[in-house]
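S.K.: no letters, just coordinates:
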């Protein structure tokens, strides 16, 4: 009897370990793998970050350029970036699945992966409220649901705290500059727009559908923002705005860069950037009230 129970126990463990997994991706596709993915290639920095948060970091065998979060991701071999991927190297890594950025990776190159028989999982996280869901689904894909659930729940708790802490604050009209030549900002499809809203800022170009639209200087002047911000790294380009003394942002010395390298990263590491952004807008409110 003992031997029989042991036999059935081993059968159950084996069946569990090799059971197929099915997860719905952000293209609405049911992605089915014969077993949890233990060799994963990530083709976007935010996806890499989310995989580590999902507990699947040890299973990531290839990443995209600029996968700097978490720090451990820097040790994973790079197989390309948003514009070009090394198909031969990816094939050589024998991935169980490649997780791709739905709107960022080349559709033609992703199609080549599919034709080679490599399972593809599309990921597209555009709002703060979607980050935890992405983490949970990647955890299911890798068979690391327990870690994924713990970290997703922690993200949701911190996000709720930030929303509560910033609710009811005086709203500021904000121009967020991401590049100066050409002049580029964030539209409503960019997660920074969501972060601005949480922090009590109204993105003056939230009416634009693109994630990173190009705008004219005259359009910014006409909308007269209360604050002009950037995430840093643009050099001294913000100084050009200070010549327009009539702008509310200039009058109150609210033209500044914030040190928030993760703010544009639609994945768990973004919360440190959101916290920095909220702090920056608090300071802007104080200056505007003088």
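M.R.: The structure has been received and is ready for your questions. Remember, predicted model here, so these are calculated numbers, not experimental data. Numbering: from 1, shown residues only.

S.K.: I'd say residue 51 and residue 41 touch.
M.R.: No. The pair residue 51 / residue 41 is not scored as a contact, 10.0 Å apart, by Cβ atoms under 8 Å. Where C-beta positions appear, they are placed from N, C-alpha and C, glycine not excepted.

S.K.: can you pull out the helices in the stretch 1-150 of the chain?
M.R.: Ranges of helices in the stretch 1-150 of the chain, per DSSP state H, counting those that start in this stretch, are 2-18, 45-53, 87-92, 107-115, 131-142, 145-166.

S.K.: first to last residue in stretch 247-265, what's the distance?
M.R.: One end of stretch 247-265 to the other measures 30 Å (Cα to Cα, to the nearest Å).

S.K.: how about the contacts made by the nearest residue to residue 163 once chain neighbours are set aside?
M.R.: Once flanking residues are discounted, residue 163 sits nearest to residue 198: 5.9 Å by Cβ to Cβ, 6 or more residues apart in numbering. The contact partners of residue 198, taken as Cβ atoms under 8 Å, 6 or more residues apart in numbering, are 128, 162, 163, 166, 274, 278.

S.K.: gap between residue 198 and residue 229?
M.R.: Residue 198 sits at a distance of 14 Å from residue 229 (criterion: Cβ to Cβ, to the nearest Å).

S.K.: also residue 220?
M.R.: 12 Å.

S.K.: between these two, tell me which one has more neighbours.
M.R.: residue 229 (28 against 21; other Cβ atoms under 10 Å).

S.K.: from what I can see, the more buried one looks like it's in a strand, true?
M.R.: Yes. Counting by DSSP: H, G, I helix; E, B strand; the rest coil, residue 229 is located in a strand.

S.K.: so what's it bridging to?
M.R.: Beta-bridge partners for residue 229, by DSSP bridges, are residue 176, residue 256.

S.K.: wait, it sits on residue 280?
M.R.: Yes. Counting by Cβ under 8 Å, residue 229 touches residue 280, with 6.6 Å between them.

S.K.: okay, and the common contacts of those two?
M.R.: With Cβ under 8 Å, 6+ apart, residue 229 and residue 280 have common neighbours 256, 258.

S.K.: next, work out how far apart the spatially closest residue to residue 146 that is not a sequence neighbour and residue 142 are.
M.R.: Excluding the flanking residues, the one nearest residue 146 by Cβ to Cβ, 6+ apart is residue 55, at 7.3 Å. When distance is defined by Cβ to Cβ, residue 55 is 7 Å away from residue 142.

S.K.: which one's more surrounded, the two?
M.R.: Shown here are residue 55 and residue 142; by other Cβ under 10 Å, residue 142 has more neighbours (28 against 21).

S.K.: quick check: the more buried one touching residue 51?
M.R.: Yes. Residue 142 is within contact range of residue 51, at 7.3 Å (criterion: Cβ under 8 Å).

S.K.: quickly list what's touching both of those two.
M.R.: Common contacts of residue 142 and residue 51 (Cβ under 8 Å, 6+ apart): 40, 59.

S.K.: what residues are shared contacts of residue 220 and residue 229?
M.R.: By Cβ under 8 Å, 6+ apart, the residues touching both residue 220 and residue 229 are residue 175.

S.K.: dump the residue contacts of residue 20.
M.R.: Contacts of residue 20 by Cβ under 8 Å, 6+ apart are 32, 33, 34, 35.

S.K.: angles on the backbone of it, please.
M.R.: Note on residue 20: its backbone torsions stand at phi -70, psi 160 [degrees, to the nearest 10].

S.K.: how far away is it from residue 30?
M.R.: Taken as Cβ to Cβ, the span from residue 20 to residue 30 is 11 Å.
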